[in-house]
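Peer 1: would you be able to build a 3D model of this:
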Amino acid sequence: MDPKASVCNPLECMLIDEREEPTYLPLSLLKSITNNFSDNLQIGTGGFAVVYKGLLENGTVAVKKLLTQAVDVHETKFHQEVDSLMRVKHKNIVRFMGYCSDTQGKVHKFQGKNIIKGICEGLHYLHQQKIVHLDLKPANILLDQYMVPKIADFGLSKCFDEKQTRAMTSNVFGSQGYMAPEFYSGLITFKSDIYSLGIIIIEILTGQKGYPEINNILESWGTKFETSLGDIRLEPIKVCAEIGIECTRFNPAERPDTQRIIERLAEMEHKYEKTTKGKLKLDSTGSDDKMKLEIMSRVKSIPSTTGTNQFPVLVRVTAPPRYTGSSRAGLNLVAVLCISASMMADDRLDSMKQAMMFVIDNLGPNDRLSVVSFDHETQRLTELSYMNDVNRAIAKHEVRKLQPGCGINTCLALDEAAKILRHEERINRVGRIFLLSDAEDESVFRHDVFPEFPVETFGLGAGHDSAALPYIAVKTMGVYSYVNHDLEKIKHAFTQSLGGLMSVTAMEVQVNLQTLDGITISSIRSGSYPMSISSDKPSGTIQVPDLYAGEQKKFIVYLDVPEGEQNQILTVSVSYRNPRIRREATIIQLDESKLAVLRPKVSTTPSDRLVCPDVATELVRLRLARLVMGKANNIHRTPDELQRSWEKIKCSKDGRSATQSAVFALDEDVAQMQRTGGKQFMHSWLTSHGLQRATTMESPSESPGTFRVKAMEEMIKKMDEEKANEVKRYSATVLMGTEGAMEKMGVVTCTRCTKEKNGLVVYLLKFNPDADMSINLGPVELK
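Peer 2: Take a look at the predicted model:
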């Protein structure tokens, strides 16, 4: 026993005076008197608990420690036992002296999903590097101060060649209970790690390895939450349980890969973000209308004897996640469409028309649209009109009859668009300009571009002006997207932007910063958003015109902190307008949130110097943005200089502390910049990261892009579904015209649909069950 344990020991006082009431006991005391729950002091064990002998200087006590390995052991049972013992006192009943409910970091509100997500991201990275871990288990997953998991111990790992997906071995090694079944027969695949991951997920959920039923897991957590199985708070647990069980399927082919797991976890976070407890309460609106404010420092400690300059603080705001037709802001959209002579090439004009048809069809009844065309002259085809059936038909008619002209005057068209928006109602409405062009226009740089309304620019075809369009976007706080080759993807670009604009749930957002007691703001990194710092630097503001539903904005505030014991260093508040409240003067003000740090007199401990992953990730992103800006401006003269500088950032302390998934995504961006060799990708990337808003860069990927919000994904999904339905209709037309009896044809499917000069071309594939083979029937032209 630790001799210091007897100092101010409440148990020894209670042994002396039997009138003492039971009290809360710190876990450190119980560890001390049981020698850290030593097996040598164990005096009994049962199905749910172990009893230890506790050694005191004036006597001996029994310490009962509950086992948490069983899924049926709940915290409520523990409290029931405590309540019962608190009520009894008799010479023939064991005396109850105290209790401890310290879980020492065990997650009871199921923040374990973040640990699960981190393990999946780490494993995904390993598999991307063609590494199979082969010994994934809880003992080989370390958690840092911020509960960020780190996969360790690669003693049994195996590296595959570039095209290798499996290997055979005669040496079966690993940890029993976590090894995949096929591994016992010598087969090694990436799915071997997936099996181990599933066992770990189940163990995080239940406290034990095994194959429990999902309902049993939900019942256990339902008891902990004191709620029914239908409670929405159990949905994330259900999803994680389903993933864990799928990962442990006997057949490796039926187990999901890491990419699919990460996607499911991301879908879960999007769907149930509104159930997560926010850090601030907003009583003036419902739970789905809350804006969320978070602040965090890079490290949690600043020595009081030295102070520091350029101390980074992350400020993160998240828009209300829910939007409906009545809760979002109405949209005033002016589509400015180039009809220069070059639009005839490669069916660019038709691709633009198809994209506009989708926009017209999907604008809501509270949205207004005006269409402007331009070559060397500008023509206002439709006034800014609400999208009822009549105005929708008029807009479609005007777009369909567009024909190429000659010349180009972009600035004249932008002036016309701004004039349209300038004289319209702006209260609770979002004003935007879509500018699509395929030609170069150097006159843009000789005219003033006014930032009154954001312009989202779209470059169509490889010959579009990749200097003027990004220039216009940056000047007006818009974004720049482009499609060079697969021109039909311009519809995707329009769709993604439209999805965001039709989900605005916060407007005129202002972040207010106020330092305390001699601390000053040295700088604010707000990207493309306007910011200001007061003359004597104790306060500052950041302004964001609008936020899409669930959209996040992150800002870094650098503070100069003098020496001293002042631990509260920054106060942050947010004000904004909610478009649901249709009164111009109604400003919603969030409660202030204060940031405090430790101010020790001596040098800080290693745990105090741990870097917060969220802050590190944002610092890394901003440093890369500065590098890309330099390369776009020709400061980096050699192609490899950007890569070398990026590698240095990754090897820095912030680079090592940042989340792996974010660094991996930035890695892919840098590689893409090196592959393309042009400036279009970099310019689009810079506008995206300046506003922290999604853009389309060449051919959009199938996976969710950076900064893409849920509303964008839903609109893209709607576009894909409409295209699939269109293909089905054309496929049915082809089948109706085929010769021969349909019952003898077998199963016919459409594998691809493309638009050619003479009409739509459908590629058909027929599966003949009698011959057990597939026959290619396409392509078939539909005029």
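Peer 1: let's test this: name the helix or strand in the protein with the lowest mean pLDDT.
Peer 2: Least confident element among the helices and strands of the chain, by mean pLDDT, DSSP states H and E: strand 773-776 (a mean of 48).
Peer 1: domain-wise, how is the chain divided?
Peer 2: Per the record, the chain has its domains at 8-109+761-775, 130-275, 292-323+505-610, 329-499, 613-702, by the TED database.
Peer 1: tell me which residues of the helix or strand where residue 309 lies are tucked away?
Peer 2: Residue 309 is part of strand 308-318 when elements are defined by DSSP states H and E. Across strand 308-318, burial judged by 16 or more other CB atoms under 10 Å covers 311-318. Just so you know, the C-beta spots here come from the backbone N, C-alpha and C atoms, and that holds for glycine as well.
Peer 1: tell me the strands beside it, with direction?
Peer 2: According to DSSP bridges, strand 308-318 forms sheet pairs with strand 292-297 (antiparallel), strand 552-561 (antiparallel).
Peer 1: can I get the shortest one in PDB, CA atoms only?
Peer 2: By that I understand strand 292-297. Provided in PDB are the C-alpha atoms of strand 292-297 (Å, rounded to 0.1, in the frame of the first residue of the first chain):
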ATOM      1  CA  LYS A 292     -23.100  25.800 -33.700                       C
ATOM      2  CA  LEU A 293     -20.100  27.600 -32.500                       C
ATOM      3  CA  GLU A 294     -16.800  25.900 -31.400                       C
ATOM      4  CA  ILE A 295     -13.400  27.300 -30.400                       C
ATOM      5  CA  MET A 296     -10.300  25.400 -29.600                       C
ATOM      6  CA  SER A 297      -6.600  26.100 -29.200                       C
END
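Peer 1: okay, the residue lying closest to residue 412 once chain neighbours are set aside and residue 612: tell me how far apart.
Peer 2: Spatial nearest neighbour of residue 412, excluding adjacent residues (CB to CB, 6 or more residues apart in numbering): residue 378 at 5.0 Å. In this view, residue 378 and residue 612 are 51 Å apart by CB to CB, to the nearest Å.
Peer 1: now do residue 670
Peer 2: For residue 670, the distance to residue 612 equals 24 Å [CB to CB].
Peer 1: excluding chain neighbours, give the residue nearest to residue 307 in space.
Peer 2: For residue 307, ignoring the flanking residues on the chain, the nearest one in space by CB to CB, 6+ apart is residue 563 at 4.0 Å.
Peer 1: neighbours of the one you found, how many?
Peer 2: Residue 563: 14 surrounding residues under other CB atoms under 10 Å.
Peer 1: doesn't residue 304 make contact with it?
Peer 2: Yes - using CB atoms under 8 Å, residue 563 makes contact with residue 304 at a distance of 6.2 Å.
Peer 1: show me where the stretch 201-350 of the chain has its helices.
Peer 2: 214-225, 235-247, 258-272, 348-362 (DSSP state H, counting those that start in this stretch).
Peer 1: export those helices as CSV, with columns for mean neighbour count and mean pLDDT.
Peer 2: CSV is the format used below for the helices of the stretch 201-350 of the chain (neighbours: other CB atoms under 10 Å; pLDDT from 0 to 100):
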stretch, mean neighbour count, mean pLDDT
helix 214-225, 17, 55
helix 235-247, 20, 85
helix 258-272, 17, 80
helix 348-362, 20, 94
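Peer 1: let's see stretch 349-358 as PDB, backbone CA atoms only.
Peer 2: The C-alpha trace of stretch 349-358 is given here as PDB (Å, rounded to 0.1, in the frame of the first residue of the first chain):
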ATOM      1  CA  LEU A 349     -24.200  24.700 -76.700                       C
ATOM      2  CA  ASP A 350     -26.300  21.500 -76.300                       C
ATOM      3  CA  SER A 351     -24.500  20.600 -73.100                       C
ATOM      4  CA  MET A 352     -25.200  24.100 -71.700                       C
ATOM      5  CA  LYS A 353     -28.800  23.800 -72.600                       C
ATOM      6  CA  GLN A 354     -29.200  20.400 -70.900                       C
ATOM      7  CA  ALA A 355     -27.600  21.800 -67.700                       C
ATOM      8  CA  MET A 356     -30.000  24.800 -67.800                       C
ATOM      9  CA  MET A 357     -33.000  22.600 -68.300                       C
ATOM     10  CA  PHE A 358     -32.200  20.800 -65.000                       C
END
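Peer 1: that stretch: how far from the chain's middle?
Peer 2: Computed by CA atoms, centre = their mean, to the nearest Å, the chain-centroid distance of stretch 349-358 equals 31 Å.
Peer 1: how about residues contacting that stretch?
Peer 2: 335, 337, 339, 343, 371, 396, 399-400, 402-404, 436, 460, 487-488, 490-491, 493-495, 498, 719, 722, 755 (CB atoms under 8 Å, 6 or more residues apart in numbering).
Peer 1: same thing with stretch 141-152?
Peer 2: With CB under 8 Å, 6+ apart, stretch 141-152 has contacts from 105, 111, 114-115, 118-119, 122-123, 126, 133, 136, 140, 200, 607, 610, 612-613, 659.
Peer 1: buried among these? Make that a PyMOL selection.
Peer 2: Selection of buried members from the contacts of stretch 141-152 for PyMOL, criterion 16+ other CB under 10 Å:
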select buried, resi 114+115+118+119+122+123+126+133+136+140+200+610+612+613+659
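Peer 1: which parts of the stretch 551-700 of the chain are helices?
Peer 2: Along the stretch 551-700 of the chain, counting by DSSP H, counting those that start in this stretch, helices occupy 613-632, 639-651, 653-657, 660-676, 680-691.
Peer 1: nearest to residue 41, out of those?
Peer 2: Closest of these to residue 41 is helix 613-632, at 39.4 Å (criterion: CB to CB).
Peer 1: now do that closest one and helix 639-651, the angle between them.
Peer 2: 170 degrees (axes from the mean of the first three to the mean of the last three CA atoms, to 10 degrees).
Peer 1: average pLDDT across helix 613-632?
Peer 2: Helix 613-632 shows an average pLDDT of 93 in the prediction.
Peer 1: what helices or strands is it leaning on?
Peer 2: strand 292-297, strand 308-318, strand 552-561, helix 639-651, helix 653-657, helix 660-676, helix 680-691 (3 or more CB pairs under 8 Å, 6 or more residues apart in numbering; DSSP states H and E).
Peer 1: could you measure from the nearest residue to residue 265 once chain neighbours are set aside over to residue 292?
Peer 2: Take residue 265 and drop its neighbours on the chain: the residue closest to it by CB to CB, 6+ apart is residue 117, 5.1 Å away. Noted for residue 117: a distance of 19 Å to residue 292, by CB to CB.
Peer 1: got it, and residue 717?
Peer 2: The value you get for residue 717 to residue 292, if CB to CB is used, is 25 Å.
Peer 1: more neighbours: these two, which one.
Peer 2: Applying other CB under 10 Å to residue 717 and residue 292 shows that residue 292 carries more neighbours, namely 20 against 12.
Peer 1: does the more buried one really touch residue 506, like I thought?
Peer 2: No - using CB under 8 Å, residue 292 makes no contact with residue 506, being 10.6 Å away.
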